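Trainee: can't give you the sequence, but here's the structure:
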């Protein structure tokens with residue numbers, strides 16, 4: 001007699017699950033670096049029939065591998081996908097400027113800190129998009145663009161038109177879109193770009209067959225490169241809601257940076273490796289680094305879900321540990337690891353002024369709730385936290401003392417520091433630091449102080465909800 005469907009499912013659970021569950025648990029035991037993560041995945045794989053192994057296969061397995069480009073580029077560059085042998089790692093000369101932060105980030109990134117750069121701060125789409133379009137229109141050889149989200153209406157359509165025009169006049173245009181982020185807007189850029197003849201690739205696109213479900217491993221970098229002369233990076237996607245003057249309820253306040261000088265070559269190297277990983281194609285050799293055009297000393301730090309060091313996390317720890325006077329953090333998503341949390345607490349105990357500026361209105365409420373559950377651990381040691389008023393502030397920056405800044409795409413949460421492919425730029429320059437400090441001070445003065453009493457007096461139901469969200473913070 002033919003078995004009924006419930007019986008078939010029961011037999012599958014009984015026969016298949018033990019083997020799959022043990023296999024996934026064994027994989028998590030060997031390859032997860034955080035014991036809490038390993039224990040959680042082992043429990044899910046063993047205790048959730050069939051669904052546990054499927055969840056681990058979709059969200060828990062790291063299959064990202066790419067090859068190093070150290071032989072292609074003359075600088076001591078490693079791109080953060082595979083761990084290199086110490087014997088192959090080139091000797092690193094003392095970074096410029098000398099100091100504990102510069103030395104630590106040189107060892108972690110395996111890149112020199114390059115002098116002679118100029119960096120401009122761009123506020124919102126009103127400043128960033130016209131500057132980007134102007135650079136694209138000036139292109140003579142190539143335009144490389146990588147972004148997480150790329151819309152196709154309003155201001156985003158203007159960027160598409162500029163890319164299409166560059167393609168028509170013979171400029172090589174390569175656009176790399178994240179395989180998941182490209183679906184975040186109803187009006188999508190990819191079809192329009194392809195119609196214009198632009199080369200478009202997806203980074204880890206989602207597909208059922210052959211199965212590729214890297215839902216958690218996203219390319220969150222934002223890069224625009226033109227002729228090896230100018231680069232744009234930061235936290236801003238390309239979408240109409242980044243226009244701060246927009247009437248949209250989704251409008252976002254954000255920062256972006258325009259860079260010129262030798263550091264552009266480091267950014268281009270990161271894009272080249274991402275492009276080769278997504279397409280299998282090697283881009284032409286980059287133009288030699290340009291001569292000095294400014295006073296800023298800069299270094300690129302890229303990170304990703306790999307078997308190498310947690311580069312950004314290590315540099316953040318080193319920078320905050322070296323702080324003598326002040327640490328200022330602006331980030332939309334703040335869920336620091338226990339190591340980062342302890343470093344911030346220790347800085348405050350040493351007498352360092354620590355200011356953390358978070359959005360009062362968050363586009364991901366559950367992240368806001370999870371953050372609120374752990375703020376008391378900072379407030380009790382004198383760390384000052386403020387909430388910025390709406391609209392949602394997506395800006396990210398770190399300032400340490402008077403001459404160190406870090407800007408880019410990374411947030412201060414597990415998704416950015418453990419799961420996403422990110423790109424930040426270190427800037428050793430008192431003038432740029434002062435510009436960022438002025439922006440931070442203006443936002444700080446317009447924001448609301450968060451007190452320990454406010455956190456402790458939350459209703460029991462609210463505290464429970466916040467704690468439950470915090471429990472899942474490694475996966476938010």
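Mentor: In hand now; what should we look at? Note that the coordinates shown come from a computational prediction; the quantities given were computed from them, not determined experimentally.
Trainee: low-confidence stretches in the stretch 351-476 of the chain?
Mentor: Within the stretch 351-476 of the chain, not a single segment meets pLDDT under 70.
Trainee: with the chain instead?
Mentor: The chain contains residues with pLDDT under 70 at 1-15, 33-34, 36, 62-96, 208-215, 289-290, 306-309.
Trainee: where's residue 454 relative to residue 387, distance?
Mentor: 10 Å (CB to CB, to the nearest Å). C-beta coordinates here come from the backbone N, C-alpha and C atoms, glycine included.
Trainee: more neighbours, these two?
Mentor: Higher neighbour count among residue 454 and residue 387: residue 387, with 19 against 15, using other CB atoms under 10 Å.
Trainee: OK, contacts around the more buried one?
Mentor: 358, 359, 360, 447, 448, 450 (CB atoms under 8 Å, 6 or more residues apart in numbering).
Trainee: so in that sheet, which strands flank whatever helix or strand it lives in, and in what orientation?
Mentor: Per DSSP states H and E: residue 387 is located in strand 384-388. Strand pairing for strand 384-388, determined by DSSP bridges: strand 353-359 (parallel), strand 448-450 (antiparallel).
Trainee: helices and strands around the very next helix or strand once past that strand, which ones?
Mentor: Counting by DSSP H and E, the element after strand 384-388 in chain order, helix or strand, is strand 392-393. In this structure, strand 392-393 packs against strand 252-253, with contacts taken as 3 or more CB pairs under 8 Å, 6 or more residues apart in numbering; DSSP states H and E.
Trainee: next helix or strand past the strand it packs on?
Mentor: Per DSSP H and E, the helix or strand that comes after strand 252-253 is strand 255-260.
Trainee: listing partners with orientation, what would you give for that next one?
Mentor: Partners of strand 255-260 in its sheet, by DSSP bridges: strand 114-123 (antiparallel), strand 230-234 (antiparallel).
Trainee: winner for burial among the ones you listed?
Mentor: Counting by mean count of other CB atoms under 10 Å, strand 230-234 has the highest mean neighbour count of the strands paired with strand 255-260, with a mean of 25.
Trainee: show residues contacting that strand.
Mentor: Outside strand 230-234, the residues that reach it (CB under 8 Å, 6+ apart) are 122, 128, 131-132, 135, 221-225, 254-260, 263-264, 267-268, 407-409, 423, 425.
Trainee: and what of stretch 344-356?
Mentor: 320-321, 323-331, 334, 336, 377-378, 381-386, 440, 444.
Trainee: which of those fall within helices?
Mentor: 320, 321, 377, 378, 440, 444 (DSSP state H).
Trainee: compare those and tell me which is most surrounded.
Mentor: Highest neighbour count within these, by other CB under 10 Å: residue 378, with 22 neighbours.
Trainee: can you give me phi and psi for residue 408?
Mentor: Note on residue 408: its backbone torsions stand at phi 150, psi -150 [degrees, to the nearest 10].
Trainee: please read the previous query as pertaining to residue 110.
Mentor: The phi/psi pair for residue 110 (degrees, to the nearest 10) is phi 60, psi 40.
Trainee: distance of it from residue 302?
Mentor: For residue 110 relative to residue 302 (CB to CB), the value is 11 Å.
Trainee: so the two - more neighbours on which side?
Mentor: Ranked by neighbour count (other CB under 10 Å), residue 110 and residue 302 place residue 302 first, with 28 against 21.
Trainee: surely the more buried one is in a strand?
Mentor: Yes - counting by DSSP: H, G, I helix; E, B strand; the rest coil, residue 302 is found in a strand.
Trainee: what sits against it?
Mentor: Neighbours of residue 302 in contact, by CB under 8 Å, 6+ apart: 79, 80, 109, 221, 270, 311, 421, 422, 423, 424.
Trainee: how far away from the center of its chain is the strand holding residue 387?
Mentor: 22 Å (CA atoms, centre = their mean, to the nearest Å).
Trainee: one step back: with distance to residue 153 added, can I get the strands paired with strand 255-260 in TSV?
Mentor: Output for those, formatted as TSV (distance: least, CB to CB, whole Å):
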stretch	distance to residue 153
strand 114-123	21
strand 230-234	21
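Trainee: which among those is found nearest to residue 197?
Mentor: strand 230-234 (22.7 Å; CB to CB).
Trainee: lovely, talk soon.
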